[in-house]
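S.K.: here is the input, now give the coordinates:
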Amino acid sequence: MLEKVVTTKPTSRDIDAVSQFLDFLQHFVDTHFSYEERCMDSYRCPAHQKNKDAHEIFRQKFKLFKARSEKEGFPVPMLVELDETVEDWIKNHILHVDTQLKPCIAEHVGLQK
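M.R.: Modelled structure (predicted):
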């Protein structure tokens, strides 16, 4: 995702893109996580607590990253860390935990018929 930025000297345009990405990520964390947690609870998804716990860990990581970036800017090692964190989140959370909600919704809809 941030490959160009972490393999070259980041330009001010690159840093602006990272800042916009962080703003998006902040909005995502603030809104999507809460909505998804309510859905998992509502549909009695067995991954609900695991999902909620993972969200809290991600929120804390993101909060620390945001504080560090405000203090230090965006040094390349920090950008590498951000890239790895987001990639790990997609591979290990979204594809394995979040996807557990779909069959719960399907079961609920099937029971409604």
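S.K.: okay, now the unreliable bits of the protein?
M.R.: Applying pLDDT under 70 to the chain flags the ranges 1-8, 111-113.
S.K.: recalculate using a threshold of 90.
M.R.: Filtered on pLDDT under 90, the chain yields the residue ranges 1-19, 21-22, 66, 69-70, 72-80, 82-83, 108-113.
S.K.: flag every buried residue along the longest helix along the chain.
M.R.: Secondary structure of the chain per DSSP state H: the longest helix is helix 12-42. When neighbours are counted by 16 or more other C-beta atoms under 10 Å, the buried residues of helix 12-42 are found to be 14, 18, 22, 25, 29, 33, 36, 37, 39, 40. Any C-beta I mention is one placed from the backbone N, CA and C, and that applies to glycine too.
S.K.: which of the residues you listed sits closest to residue 108?
M.R.: In terms of C-beta to C-beta, no member of the buried residues of helix 12-42 lies closer to residue 108 than residue 39, at 10.4 Å.
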